[in-house]
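> sequence-free structure coming up:
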């Protein structure tokens, strides 16, 4: 018993030095005549024994438990499940939270590839001026000829780059061309190719996710006919990422303009180490589930109700 008390006192002292007096693990190792690896293990032991307890007062209203469950189920790097009491302003609340969470993820001297969605546009508007040293921001999806919700995709990209004090590389190209020949010629243009190559080599990407319903951006812009949209849904389409339609398992489904998009494809997106997806609302549950099952994202920022629906839907929809 005495030995156990002595051990716990030693662990408590070590924890005080680290958490309260802010000594480094190297400094503690020298004081206790142990290795830094041993210090790390002793700190974990102090946590496991309840000698050290953490209480986090999150500045944003979140459902931490559901977020942790979703993160563990799909092996994500982070999930933010924003609580909102304003059903008509879910996107606005998530965008506000995303603006702050994204800042916590980005590191200096990295490259962020940016796509577009109406929620991302709201996030860009909410982003505070917070320069990050050596950051590069690059567009990875061409512009829309007429943006939904009256947002210009370039404006969102430019706002994000400006607020982060970044070096910016815009993609001077439309999202969709009318022929594959025109698309191939454009992406071979040195100026366009340089931007897309930078996007492919990015450390982070941030994007939204589209639906496969009447509110699909491509349907609203007349790239998708109602007949083709119905055909895609019959094939299992649940939504799109960067204009690439996916099914509930995240597998790509071809459509008439698949080969005419000026954007990264899903394999290229998946090779970016940290893909951040911002989306909210019940219409995004099945598209997000497809993205999660397909491994197309690492960080998710959404509303708490959507996280709970994702957990329930994943449990009820058998993988195919």
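On my side now, so go ahead. If you're wondering where the values come from, they're calculated on a predicted model, not measured in any experiment.
> pLDDT score for residue 125?
pLDDT, residue 125: 91.
> quick check: closest non-adjacent residue to it.
Leaving out its chain neighbours, the residue that sits closest to residue 125 by C-beta to C-beta, 6 or more residues apart in numbering is residue 159, at 6.8 Å. All C-beta atoms are positioned from the backbone trio N, CA, C, and that covers glycine.
> surely that neighbour meets residue 129?
No - Residue 159 is beyond contact range of residue 129, at 10.7 Å (criterion: C-beta atoms under 8 Å).
> between these two, who's got more neighbours?
Taking neighbours as other C-beta atoms under 10 Å, residue 159 and residue 129 compare with residue 159 leading, 18 against 8.
> list the contacts of the more buried one.
Residues counted as contacts of residue 159 (C-beta atoms under 8 Å, 6 or more residues apart in numbering) are 124, 125, 127.
> domain-wise, how is the chain divided?
The chain breaks down by automatic domain parsing into domains covering 2-48, 64-316.
> now the end-to-end length of stretch 122-141.
End-to-end distance of stretch 122-141 (C-alpha to C-alpha, to the nearest Å): 17 Å.
> an error on my part: the question was meant for stretch 8-23.
End residues of stretch 8-23 are separated by 19 Å (C-alpha to C-alpha).
> mind listing what's buried in it?
11, 14, 15, 17, 18, 23 (16 or more other C-beta atoms under 10 Å).
> same deal with stretch 182-191?
Neighbour-count burial for stretch 182-191 flags 183, 186, 187 (criterion: 16+ other C-beta under 10 Å).
> got it, and stretch 44-57?
Across stretch 44-57, burial judged by 16+ other C-beta under 10 Å covers 45, 46, 51, 52.
> so which of those residues are in strands?
Applying DSSP state E to the buried residues of stretch 44-57, no entry is found in strands.
> pLDDT (mean, whole number) over stretch 203-223?
On average, the pLDDT along stretch 203-223 is 93.
> how about stretch 85-94?
Within the predicted structure, the mean pLDDT of stretch 85-94 is 88.
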